[in-house]
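1. Here is a sequence together with a model predicted from it:
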Amino acid sequence: MEKVIYFEDLFVGRRFVSEPEEVTEEAIVAFARENDPQYFHLDPHAARDSMFGGIVASGWQTASATVRHLLYRCGVTFPGGLIGVDTQISWKRPVRPGDHLHIQGEITKLRVSRSLPDRGLVTFDGGACDGAGRTVQTLVATMLVSRDPKRAKAPDTVSSAP
């Protein structure tokens, strides 16, 4: 069962690691058809002649997987979701069929939103890794997270490590 967490449950240094998920050729092609229809994402035969030497996932598919992992594969649930505010992303290695992706990272900054006091701003610094532990994507993302109405403190306070 997933644990429901709010802004008040977070602290700088809290780590998140997701369960791995296999990336299939079928998923790569399906995502590419809808979102990034380049030949090295769509056609395994034509992709052999690309700079990748074979079919690879779109970087946007990897970014989407990162969000999915934060939401569904880390063992926690964020009421109200994770609303992206700012992101810096870099793709380091291609993701290939059969790779088992997981995410890992930590909270590096917390602050209560001035304009939305029922939310907090959370900065996550991490990325996605393949089954061999190699970084395929790095990510620094700032997201809005719901505050717990029962525990929310004054707007200028943040959570501290337990």
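-> Yes, it's here. Numbering: from 1, shown residues only.

2. who's in contact with the longest helix belonging to the chain?
-> Determined from DSSP state H, the single longest helix within the chain is helix 59-72. With contacts defined as Cβ atoms under 8 Å, 6 or more residues apart in numbering, helix 59-72 is touched by 16, 18-19, 21, 23, 27-28, 31-32, 35-36, 77-78, 81-82, 84, 89, 91, 95, 101-103, 124, 127-128, 136-137, 139. Where you see a C-beta, it was placed from the backbone N, CA and C, and this is true even at glycine.

3. and it, how far from the chain's centre?
-> Its chain's C-alpha centre lies 5 Å from the corresponding centre of helix 59-72 when counted by Cα atoms, centre = their mean, to the nearest Å.

4. can you give me the mean pLDDT across that helix?
-> For helix 59-72, the mean pLDDT works out to 94.

5. Where does Ala141 fall, secondary structure wise?
-> Per DSSP states H and E, Ala141 falls inside strand 135-146.

6. Tell me the strands beside that strand, with direction?
-> In the sheet, strand 135-146 lines up against strand 83-91 (antiparallel), strand 119-129 (antiparallel) (DSSP bridges).

7. Please convert these to CSV, extending it with distance to Val12.
-> Listed next are the strands paired with strand 135-146 as CSV, based on distance: least, Cβ to Cβ, whole Å:
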stretch, distance to Val12
strand 83-91, 17
strand 119-129, 9
